[in-house]
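Undergrad: Return atomic coordinates for the entry below.
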Amino acid sequence: MLRYLIQVIENLLTTGILIALLWGALDKEGGEARKSRALWGCAVGVGAALILAVLRRTTALISRGVFNLWILSFAIVFGLVYVFLLWGILQKPLGKIPFLRNRPSLAEAVPNYVEALFLGSLLFYILPVIFLYPTEFALADESILTTDFLFKLIGFTAGLLAVILTALALYKAARGVSGGLLKILLTIALLVNICNQMIVIVQFLLARRIIPMIRWVFRFIVVAVNNNIVFLYVLMGISFLLPLTLFVAGFRHPVSGKNPAERRKIRAVLRVNRRWCGAVAAGFIFSILAVTVIKTYNERGVELSPAEPMTIAGEEITIPIDQIEDGHLHRFAYSASDGTEVRFIVIKKNAAAYGVGLDACDICGPTGYYERKNEVICRLCDVVMNISTIGFKGGCNPVPLAYSLRGGNMVIVTADLENEKGRFK
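TA: Residues are numbered from 1 along each chain as shown. Sure, this is the predicted structure:
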């Protein structure tokens, strides 16, 4: 539950802040045609993101890294062009382009198209991840009518609502401040976001050895990636200046009018503005708590149960069947030839089968599994295992371990554990 609340806020709030500021600027300076194009840009971005999410889920044709590289590249270009157009830097050069010279209406519409493409690229980049989260709520062949699925859905929905309501409140606050201040803060926010996007691109290029590994660049990227959340804090700090300014201005605004009705109307507007400012503050406080306090609580370490006794004779490990008959998770540890502790788990699945695997998986590594309310949980990603699939490859399942039943004992060959010791180093 908490995991999806945190992930939605971390991934989506940046986009929500930028769209709120951009739409506030659009309300101040844009006409109906400009708003219509911006809406079309958002709609195309959402539609393309949905298609991409489906392709990622159902095929192996989509390389997430490559697609993100291209999408971010376009987003950076559109973002920079939009900043220049926002400050009127490119209007004159546009008018000198031969194709646009005799088409003044088209030249005037170019900034609107750039704005629409920029909005679309922002949504196209981030939404596929958001759309795919619900597909992780339940394992294959697992019913959605479970409390675990419901809790994950609640966390996901709460994260979406927090971002949407915070962005809406910020947009309402942006409408109440001066256009000049909004333009300055929007520009700073866009440049901060572009810096973050460029770091993601450089990280990808370094990982693929497309650009040479320069030591100081690598160290800078490592620090930036490990502290990526700082960019979100900076964006929140920048954008919070809008409601703060509006809130302070509300107390300085003279409540004067020709009659009591006009004065009541002014007071009502100021009161509504203060409420929107409070909503932004509440949204930001909740978001900060989610990515700090709640995240720390959610990622707290779970102590693994101690290894149980077993018998090692020659090249075989034997475990009495009576020891593992209760249907609960049992953990064992084998000391390999080089001293590495190789852990494995055993759980009875049904009357005729046992789930036996390493206390590690191909995705999360040797972080281990634990039992909670008769469920087997991955310690790292908090995914609930389908007990019937333990012993089979796939997903976050434990790496399968061969066993045999003989003379009232479960028998495991030590050579199989020796071959897997590298996973636990």
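Undergrad: Low-confidence bits of this protein, can you list those?
TA: Within the chain, the stretches with pLDDT under 70 are 30, 90-110, 138-144, 252-258, 299, 301, 395.
Undergrad: what comes into contact with stretch 275-286?
TA: 162, 165-166, 169-170, 172-173, 176, 236, 239-240, 242-244, 246-247, 250 (C-beta atoms under 8 Å, 6 or more residues apart in numbering). Yep, even glycine has a C-beta here, placed from its N, CA and C like the rest.
Undergrad: meant to ask about stretch 415-425, not that
TA: By C-beta under 8 Å, 6+ apart, stretch 415-425 touches 315, 317, 334, 336-338, 340-344, 358, 360, 365-366, 399, 401-402.
Undergrad: Could you turn the buried ones of those into a ChimeraX selection?
TA: The buried subset of these, as determined by 16 or more other C-beta atoms under 10 Å, is captured in ChimeraX by this line:
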select :317,334,336,340,342,343,344,358,360,366,399,401
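Undergrad: Tell me which of the contacts of stretch 415-425 fall in helices.
TA: Within these, no residue falls in helices by DSSP state H.
Undergrad: Now intersect the contacts of stretch 415-425 with the strands, please.
TA: 317, 334, 341, 342, 343, 344, 358 (DSSP state E).
Undergrad: Please identify which of those residues is nearest to residue 124.
TA: residue 358 (39.2 Å; C-beta to C-beta).
Undergrad: Just give the nearest non-adjacent residue to that closest one, would you?
TA: residue 399 (4.2 Å; C-beta to C-beta, 6 or more residues apart in numbering).
Undergrad: Which strand or helix spans residue 222?
TA: helix 215-226 (DSSP states H and E).
Undergrad: go on, residue 355?
TA: Going by DSSP H and E, residue 355 is part of strand 353-358.
Undergrad: Not counting its own residues, what contacts the helix or strand just after that strand?
TA: Using DSSP H and E, the helix or strand that follows strand 353-358 in sequence is strand 369-372. Identification of contacts with strand 369-372 by C-beta under 8 Å, 6+ apart yields 302, 304-305, 328-329, 345, 359, 376-379, 385, 398.
Undergrad: Next, residue 88: secondary structure please.
TA: Per DSSP: H, G, I helix; E, B strand; the rest coil, the secondary structure class of residue 88 is coil.
Undergrad: From the chain's centroid, how far away is the helix or strand encompassing residue 262?
TA: Using DSSP H and E, residue 262 maps to helix 260-289. Distance of helix 260-289 from the chain centroid (C-alpha atoms, centre = their mean, to the nearest Å) equals 29 Å.
Undergrad: for stretch 66-77, same thing?
TA: The answer for stretch 66-77 is 17 Å, by C-alpha atoms, centre = their mean.
Undergrad: can you check stretch 332-342 too?
TA: For stretch 332-342, the distance to the chain centre is 37 Å (C-alpha atoms, centre = their mean).
Undergrad: Also stretch 291-305?
TA: 18 Å.
Undergrad: hmm, who's touching it?
TA: Under C-beta under 8 Å, 6+ apart, the answer for stretch 291-305 is 2-3, 5-6, 9-10, 229, 232, 329, 331, 359, 368, 370-371, 377, 379, 382.
Undergrad: Out of the residues you listed, which end up buried?
TA: Neighbour-count burial (16+ other C-beta under 10 Å) is assigned, among those, to 2-3, 5-6, 9-10, 232, 329, 331, 359, 368, 370-371, 377, 379, 382.
Undergrad: do you know how far residue 354 is from residue 344?
TA: As judged by C-beta to C-beta, to the nearest Å, residue 354 and residue 344 stand 12 Å apart.
Undergrad: Repeat that for residue 216.
TA: 44 Å.
Undergrad: Repeat that for residue 373.
TA: 23 Å.
Undergrad: one step back: which is the succeeding secondary structure element to the helix holding residue 262?
TA: Scanning onward from helix 260-289 (DSSP H and E), the first element met is helix 295-298.
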